[in-house]
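>>> Got a predicted structure plus its sequence, pasted below:
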Amino acid sequence: MEKITQRELLPGVRLCCVQTDRLRTGTFSVSFLRRLQQEDAAKNALVLNVLARGCRAWPDMRRLKAACQEACGAVVEPEYRQYGEILAAGFGAAFPDDPWLPAGSRNLERVIRLVSDLCLDPDTRGGLLRNDYVLSERQNLRDRILTAVNDKPTYARIRARALMCADEDYGVYPLGSPEEAEKITHLILTRHYQQMLAVSPVRLFYCGALPFEQVRDTVLDSFLTLPGGEERRMPETEIRDSAAVLRSETEYMDVEQGTLVLGCRLGGYVAPQEQPVLEVFNRYYGASHTSRLFRTVREQKSLCYSISSGCDRHKAVFTVTAGIAFDKRYEVMEAVLEELDRCRAGELIPEDLEAARVSAAAAYRMTGDKGGALDSFYLGQELLGSSARPEELAALALEVSPEDVIRMAQRVQPELDYFLRGPEKEAEA
């Protein structure tokens, strides 16, 4: 079993170390925790890509690539992850770990130094982030935001979330807007970068075979220049109860297939001990090929091309997304809600419930097979206030009872029915 050690190294700076000899590839990451806010979203996304262009020691992509090769082919990339209304912005690295290299290798030290240089020692001009890098990456970010519309199911989920949570930070698109990106200058981004370093809680993660003490000492040595003196307050996610009325929204776009999104809330905070129950319910209801939505709405009734459910346990939000013909909106919505009512009433199919338990347990166990997955898992657990390990959650998932699933289903309160469909003239034809 892995040995998990977590310690606060400096005020607001915490290291999580997963020591295991099952994986030959080591993982190291640093994340600055930020509140998702409209005025900062584009800056948070842009600053990572600018920092990834080069640091003082390796000021361009060619020399950065050479540094990665010196670290035995390490891969270092910007990471931008969301947990409810909290963003984890930083860098992640995957690399051959020291115990699997020739004796005396100090590859972890090289990797941590490279990551710390990218974060803390950027290539600047007069103390400011390079204007040419900012202009180039600003255009790349703008293009990335605009191309999000090309993936219609993803776009539909983004729009549904923005509409359902219009006055909440959760409704903000994590990459910001093209207009906001265009306004960012190298002076504005430098100020944002300096503020990010000074006040953001920092989470460092290592997964590999080396002991905690060695990782800690290397991290402390490399991150000594991290600014201090200001309080690093942990951002929080606002969780709301459900609205009293289900409202409908329709958006017209030049698409050949409609996308229906049902946005729901879970009626408040999902406690750590309820995680396996939510996971099993999600897989039973709509998140697998043995789910009730897939079996009935898609297979039996042939009402949709695709259908699935998903949940954000940090925000206590639950969604169902379906690809459908333009004229099937109300039939699909009726069928989706009918299956939810059956779950609430306790009309569960035993073999499908067992399949959901096994699927949830397998997913938890698979988390331990990749360092990057463990990185996201343990950060998510900390933000939920939980210390449970993947294998513990897997065992609990297998014990989820029908009554547990029924209670979770009864918490699901539909709030928004959003439909992305073809042009209005087609609707009137």
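Yep, it's here.
>>> just how off-centre is stretch 304-319 within its chain?
Mean-position distance between stretch 304-319 and its chain equals 14 Å (Cα atoms, centre = their mean, to the nearest Å).
>>> Report the buried residues of it.
Buried residues in stretch 304-319, counting neighbours by 16 or more other Cβ atoms under 10 Å, are found at 304, 307-309, 311-319. In short, each C-beta sits where N, CA and C put it, glycine included.
>>> Next: stretch 276-294.
For stretch 276-294, by 16+ other Cβ under 10 Å, it's 276-288, 290-294.
>>> cool, and stretch 188-208?
Buried residues in stretch 188-208 (16+ other Cβ under 10 Å): 189-190, 192-193, 196-197, 199-208.
>>> repeat for stretch 206-222
206-210, 212, 215-216, 218-219, 222.
>>> do the same with stretch 160-169
Under the neighbour-count criterion of 16+ other Cβ under 10 Å, stretch 160-169 has 160-161, 163-165, 168-169 buried.
>>> Same question for stretch 36-45.
Burial within stretch 36-45, assessed by neighbour count using 16+ other Cβ under 10 Å, is assigned to 36, 40-45.
>>> How about stretch 150-159?
Buried residues in stretch 150-159, defined by neighbour count with 16+ other Cβ under 10 Å: 152-153, 155-159.
>>> Show me the shaky parts of the protein.
1, 425-429 (pLDDT under 70).
>>> can I see the domain layout of the chain?
The record's domain parsing of the chain by automatic domain parsing lists 3-222, 247-428.
>>> can you put those domains in TSV and add distance to Glu230?
TSV is the format used below for those (distance: least, Cβ to Cβ, whole Å):
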stretch	distance to Glu230
domain 3-222	5
domain 247-428	21
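>>> In a markdown table: the buried residues of stretch 150-159, plus distance to Ala271.
As requested, these are arranged in a markdown table below (distance: Cβ to Cβ, whole Å):
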| residue | distance to Ala271 |
| --- | --- |
| Lys152 | 35 |
| Pro153 | 30 |
| Tyr155 | 33 |
| Ala156 | 30 |
| Arg157 | 26 |
| Ile158 | 28 |
| Arg159 | 30 |
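>>> In helices only, show me these.
152-153, 155-159 (DSSP state H).
>>> just the residues you listed now: which is nearest Ala67?
Closest to Ala67 out of those is Ile158 (35.9 Å), distances taken as Cβ to Cβ.
>>> From Leu129, how far out is that closest one?
As judged by Cβ to Cβ, to the nearest Å, Ile158 and Leu129 stand 28 Å apart.
>>> what does Thr190 give?
5 Å.
>>> Quick one: distance of the helix or strand where Glu392 lies to the chain centre.
Secondary structure assigned from DSSP states H and E places Glu392 in helix 390-397. Centre-to-centre, helix 390-397 and its host chain are 21 Å apart (Cα atoms, centre = their mean).
>>> List the buried residues for it?
Applying 16+ other Cβ under 10 Å to helix 390-397 flags 390, 393-394, 396-397 as buried.
>>> any chance of those in TSV, with distance to Ala345 too?
Listed next are these as TSV, based on distance: Cβ to Cβ, whole Å:
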residue	distance to Ala345
Pro390	33
Leu393	28
Ala394	29
Leu396	25
Ala397	23
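>>> For burial, what's the neighbour tally of Ser116?
Ser116: 22 surrounding residues under other Cβ atoms under 10 Å.
>>> quick check, it in a helix?
Yes. When classified by DSSP: H, G, I helix; E, B strand; the rest coil, Ser116 is found to be part of a helix.
>>> check contacts around it.
By Cβ atoms under 8 Å, 6 or more residues apart in numbering, Ser116 lies in contact with 30, 222-223, 225.
>>> what do you get if the cut-off is 6 Å, keeping everything else the same?
Neighbouring residues of Ser116 by Cβ atoms under 6 Å, 6 or more residues apart in numbering: 222-223.
>>> now the one 3 residues further on
Taking Cβ under 6 Å, 6+ apart as the definition of contact, the neighbours of Cys119 are Val30.
>>> helix or strand for it, which one?
Applying DSSP H and E, one finds Cys119 within helix 107-120.
>>> Can you name the next helix or strand after that helix?
strand 124-125.
>>> From the contact counts, what lies against whichever helix or strand comes after that following strand?
Towards the C-terminus, the helix or strand next in line after strand 124-125, according to DSSP H and E, is strand 128-129. Judged by 3 or more Cβ pairs under 6 Å, 6 or more residues apart in numbering; DSSP states H and E, strand 128-129 is in contact with helix 186-199.
>>> Run the angle between the helix it packs on and helix 107-120 for me.
130 degrees (axes from the mean of the first three to the mean of the last three Cα atoms, to 10 degrees).
>>> same for helix 186-199, what does it pack against?
helix 38-51, strand 128-129, helix 131-147.
>>> What angle do helix 107-120 and the following helix or strand past it make with each other?
Counting by DSSP H and E, the next helix or strand C-terminal to helix 186-199 is strand 202-208. Angle between the axes of strand 202-208 and helix 107-120 is 160 degrees (criterion: the same axes, to 10 degrees).
>>> pull the CA atoms of strand 202-208 into CSV?
Taking Å, rounded to 0.1, in the frame of the first residue of the first chain, the C-alpha atoms of strand 202-208 are listed here in CSV:
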residue,chain,number,x,y,z
VAL,A,202,0.3,26.5,-3.0
ARG,A,203,-0.1,22.8,-3.3
LEU,A,204,2.9,20.6,-4.2
PHE,A,205,2.5,17.0,-5.1
TYR,A,206,4.9,14.1,-5.6
CYS,A,207,4.2,10.5,-6.5
GLY,A,208,7.1,8.1,-6.8
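>>> Output the buried residues of stretch 160-169 as JSON lines; include the columns distance to Arg62 and secondary structure.
Formatted as JSON lines, those follow (distance: Cβ to Cβ, whole Å; DSSP: H, G, I helix; E, B strand; the rest coil):
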{"residue": "Ala160", "distance to Arg62": "43", "secondary structure": "helix"}
{"residue": "Arg161", "distance to Arg62": "40", "secondary structure": "helix"}
{"residue": "Leu163", "distance to Arg62": "45", "secondary structure": "helix"}
{"residue": "Met164", "distance to Arg62": "45", "secondary structure": "helix"}
{"residue": "Cys165", "distance to Arg62": "43", "secondary structure": "coil"}
{"residue": "Glu168", "distance to Arg62": "43", "secondary structure": "coil"}
{"residue": "Asp169", "distance to Arg62": "39", "secondary structure": "helix"}
